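Peer 1: Sequence first, predicted model second:
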Amino acid sequence: MQRDLVLRSMEGDRAAFTELGRLWIDRLYAAARLILVDQHRAEDATQEALLAAWRDLKGLRDPDRFEPWLRRILVNACYREARKDQSWRRAQTRLEPIAGVTPDPADQTADRDVVDRAMSGLDPEQRALVVLHYYLRLPVAETALMLGIPVGTVKSRLSRTNARMRANLEADARRPSAVGGAL
């Protein structure tokens, strides 16, 4: 079904592309929200990605590669959105479940506070790696393809990002608790 919609869209069928957008918008928004943290920026990036996809659809060589192609457009839209205002560096993040996206049952048991603390302070590129590889469960090779970088670069960046997340947790554990401090 999706392949047919992609082929019809590539021929200029707006109704087919509208249906594709309807099928993908929740997943795109969920990924953008995790990368950008801010709801409004995620909405803007999602809209920008869908517009860019419509505009550039004729350049898609293989209709069967629509999904990674669209996700790559989204990640690039997230990067552009993040560059508009560098305040994302100071944002304290809180990962919330996103309506319409069913998480893996293993994710439901994860301690959200730990994930929030681990991801605090990551830049959008690092967040994109985490979202693509761990949240969307894409293999390293596909993550590399989507980001347009070599597999070895993805592996090294994931390693550095994981180290950064561990450091964030360790730093958080060393901070004195606000509750136990002053009496």
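Peer 2: Arrived safely, thanks for sending.

Peer 1: what about Met146, is that helix, strand or coil?
Peer 2: Following DSSP: H, G, I helix; E, B strand; the rest coil, we place Met146 in the helix state.

Peer 1: show me what contacts it?
Peer 2: By CB atoms under 8 Å, 6 or more residues apart in numbering, Met146 lies in contact with Pro68, Arg71, Arg72, Val75, Leu132, Leu138. C-beta coordinates here come from the backbone N, C-alpha and C atoms, glycine included.

Peer 1: repeat for Ile25
Peer 2: Neighbouring residues of Ile25 by CB under 8 Å, 6+ apart: Thr46, Leu50.

Peer 1: what helix or strand is it on?
Peer 2: In the assignment (DSSP states H and E), Ile25 maps to helix 14-36.

Peer 1: Put the alpha carbons of that helix into CSV.
Peer 2: Provided in CSV are the C-alpha atoms of helix 14-36 (Å, rounded to 0.1, in the frame of the first residue of the first chain):
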residue,chain,number,x,y,z
ARG,A,14,-1.5,15.3,-3.9
ALA,A,15,-4.2,13.0,-2.4
ALA,A,16,-1.8,10.1,-2.3
PHE,A,17,0.8,12.3,-0.6
THR,A,18,-1.8,13.5,1.9
GLU,A,19,-2.5,9.9,2.7
LEU,A,20,1.3,9.2,3.1
GLY,A,21,1.5,12.2,5.4
ARG,A,22,-1.4,11.0,7.5
LEU,A,23,0.3,7.6,7.8
TRP,A,24,3.6,9.1,8.9
ILE,A,25,2.9,12.3,10.8
ASP,A,26,2.7,10.8,14.3
ARG,A,27,5.9,8.8,13.9
LEU,A,28,7.7,11.9,12.5
TYR,A,29,6.5,14.1,15.2
ALA,A,30,7.4,11.6,17.9
ALA,A,31,11.0,11.4,16.6
ALA,A,32,11.2,15.2,16.3
ARG,A,33,9.9,15.7,19.8
LEU,A,34,12.6,13.4,21.2
ILE,A,35,15.3,15.2,19.2
LEU,A,36,14.2,18.8,19.8
